[in-house]
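>>> Next comes the sequence, and after it the predicted model I'd like to discuss.
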Amino acid sequence: MKHELGGKEASNLKVRGFKAAAVASGLKARSALDLALIFSETEAVCAGVFTSNKVKAAPVLITMENIKGGVARAIVANSGNANACTGPKGLEDARETARMVASQLGIKPQEVLVASTGVIGLPLNMDAIREALPRLKEGLVPQGLDKVARAIMTTDKFPKLRGVRGKAQGKDYSIAAVAKGAGMIMPDMATMLCFVLTDLNISLEELKGALEESVSKTFNRITVDGDTSTNDCVLALANGAAGNDTLSSKDLDEFRGHLQAIMKQLALDIVRDGEGATKLVEVVVRGAADKEEALRAARTVSNSALVKTAFYGKDPNWGRIMAALGRADISMDPGLVDIWINDIQIVSQGIGMGVQNEEKAAQEMAASQFSLIIELHQGNMEETMWTCDLTHEYVSINADYRT
């Protein structure tokens, strides 16, 4: 059984045994929420997936340390400052943040996971965090995830939170997740954060496996601009408050399906909210020689600035798509490639289908969401990426980000 939560219902998301809060500490201007806390009233198993970027922010490094124990009680996250490229002082600030939160909550520092997002290279204002933590603790409530989703936003235009309810061993359970991200997005596990909470009783190995599989099929299938970030992390906590027994294989499969479903929704929310984006585009590559080549082709097309500007201009410029495929290092015969925009075919066996079909395709591209389908005729493998268009506003946002 599954009941998905979105829209107004999602703003009241709660998971048994968890509380959350957010405050304005002054890390961001204009009294915006910028410091968030999630707290499990009981011990929770925890798993995480982190940025593959070799330049990892201090909070990522500290959280990678703390999560090795497999148990956590809290996540503290700030926006407005990435605490990245800040040297030994940045590492100490991340550790001190965990210590201060642990002191407030009466738990161990290693049970606190730390996350940050914002400008790279600036020291973290520890006085602001220190002063705000008592207010943060006092504000903890079961329905606080909506504030958390707003507090971790940077260039995001809207908060991202999703939930789902299921049943295992006769017990109802919930999964809730919040995320942020709009630019520097091409997770391989971008500036992206995601926190997942569940009251399901699940083993560490089961949670870790489900999280890694879901990340691979959702967050690792999106791109806004092809840039990975120093601060990416997806963290999952499960506190067992649902009271179910050991999961059957059917229960575990259902949980994995629920988790993947809400993480896909969040991933697509991120692409919809891509900096300056006006279109969400599904890029499907079929008939590839193997899965790796199918994904490499889809990712190359999805990241092409020329293809993405054509999306923005509602221009079915299939030559740009062919050129991107040609540099994707895949098995292909240009004379076999077919291309569609939704159900309008614009290329057959490597040759354009004519102006009339392109005009129909341009009409499809005027929508806020459409699909680009590519058939390589090299095998039976298929992969999908989700991307967005590249607009004037993207350049303006990132040209003015610090100034």
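Yep, it's here.
>>> Strands along the stretch 1-150 of the chain, start to end?
With strands called from DSSP state E, counting those that start in this stretch, the stretch 1-150 of the chain shows them at 3-5, 18-23, 35-50, 71-81, 112-119.
>>> who touches the closest residue to residue 59 other than its chain neighbours in this structure?
If the residues on either side of it in the chain are set aside, residue 59 comes closest to residue 114, at 4.1 Å by C-beta to C-beta, 6 or more residues apart in numbering. Yep, even glycine has a C-beta here, placed from its N, CA and C like the rest. Counting by C-beta atoms under 8 Å, 6 or more residues apart in numbering, residue 114 makes contact with 59, 62-63, 66, 75-77, 94, 97-98.
>>> helix/strand/coil for residue 154?
Three-state assignment for residue 154 (DSSP: H, G, I helix; E, B strand; the rest coil): coil.
>>> what about it, how many neighbours?
21 (other C-beta atoms under 10 Å).
>>> Longest helix in the chain, please.
In the chain, with assignment by DSSP state H, the single longest helix is helix 249-272.
>>> ok, and what's touching the following helix or strand past that helix?
Counting by DSSP states H and E, the next helix or strand C-terminal to helix 249-272 is strand 280-288. Applying C-beta under 8 Å, 6+ apart, the set of residues contacting strand 280-288 from outside is 268, 271-272, 294-295, 297-298, 301-302, 311, 330-331, 368-389.
>>> Specify the stretch among the strands of the stretch 1-150 of the chain that is closest to residue 238.
Of all these, strand 35-50 sits nearest to residue 238, with 5.2 Å by C-beta to C-beta.
>>> How many residues are close by the closest residue in space to residue 254 that isn't next to it in sequence?
Excluding its sequence neighbours, the residue lying closest to residue 254 (C-beta to C-beta, 6+ apart) is residue 166, at 5.9 Å. A count of neighbours around residue 166, defined by other C-beta under 10 Å, yields 21.
>>> ok, the strand or helix carrying residue 166: who's next to it in the sheet?
For residue 166, the element it lies in under DSSP H and E is strand 160-168. Its sheet considered, strand 160-168 pairs with strand 3-5 (antiparallel), strand 171-180 (antiparallel) by DSSP bridges.
>>> returning to what we had before: across the sheet, point out what pairs with the residue nearest to residue 254.
residue 173.
>>> from what I can see it touches residue 256, true?
No. Using C-beta atoms under 8 Å, residue 166 is not in contact with residue 256, being 10.7 Å away.
>>> which residues in the protein form helices?
7-10, 58-66, 87-105, 126-138, 145-151, 204-217, 249-272, 291-303, 305-312, 318-326, 355-365, 392-399.
>>> and the longest helix of the chain, what does it pack onto?
Counting by 3 or more C-beta pairs under 8 Å, 6 or more residues apart in numbering; DSSP states H and E, the packing neighbours recorded for helix 249-272 are strand 3-5, strand 160-168, strand 171-180, strand 193-198, helix 204-217, strand 280-288, strand 381-388.
>>> about what we covered before: buried ones among the contacts of strand 280-288?
268, 271-272, 294-295, 297-298, 301-302, 311, 330, 370-376, 378, 381-389 (16 or more other C-beta atoms under 10 Å).
>>> just to revisit the earlier point, got a list of what the residue nearest to residue 254 touches?
Per C-beta under 8 Å, 6+ apart, neighbours of residue 166: 1-2, 172-175, 200, 254-255, 258.
>>> Out of the residues you listed, the closest to residue 83 would be?
residue 175 (28.6 Å).
>>> Name the nearest residue to that closest one, sequence neighbours excluded.
residue 198 (4.5 Å).
>>> for the stretch 151-300 of the chain, what are the low-confidence residue spans?
Counting by pLDDT under 70, the stretch 151-300 of the chain contains low-confidence ranges at 182-191, 225-229.
>>> Could you single out the most deeply buried of the helices of the chain?
Comparing the helices of the chain by mean neighbour count (mean count of other C-beta atoms under 10 Å), helix 145-151 comes out on top with a mean of 25.
>>> Can you tell me what sits against it?
Against helix 145-151 from outside (C-beta under 8 Å, 6+ apart): 10-14, 20-23, 33-38, 77-79, 139, 159-161, 176, 178-180, 195, 197.
>>> Narrow those residues to just the buried residues.
So, by 16+ other C-beta under 10 Å, the buried ones in these are 10, 13-14, 20-23, 33-38, 77-79, 139, 159-161, 176, 178-180, 195, 197.
>>> From residue 152, how far off is residue 12?
18 Å (C-beta to C-beta, to the nearest Å).
>>> Kindly report the same for residue 377.
Taken as C-beta to C-beta, the span from residue 377 to residue 152 is 44 Å.
>>> care to break the chain down by domain?
The chain resolves into domains spanning 3-272, 280-399 when parsed by automatic domain parsing.
>>> that older thread, give me the neighbour count for the residue nearest to residue 175.
For residue 198, the neighbour count with other C-beta under 10 Å is 32.
>>> What of residue 68?
10.
>>> Ok, residue 346 next?
Residue 346, neighbours per other C-beta under 10 Å, totals 22.
>>> isn't it right up against residue 319?
No. Residue 346 is beyond contact range of residue 319, at 10.5 Å (criterion: C-beta under 8 Å).
>>> ok, the closest residue to residue 58 other than its chain neighbours to residue 68 distance?
The shortest distance from residue 58 to any non-neighbouring residue, by C-beta to C-beta, 6+ apart, is to residue 90 (3.8 Å). Computed with C-beta to C-beta, the distance linking residue 90 and residue 68 is 20 Å.
>>> partners of residue 81 in the sheet?
Going by DSSP bridges, residue 81 forms beta bridges with residue 117, residue 119.
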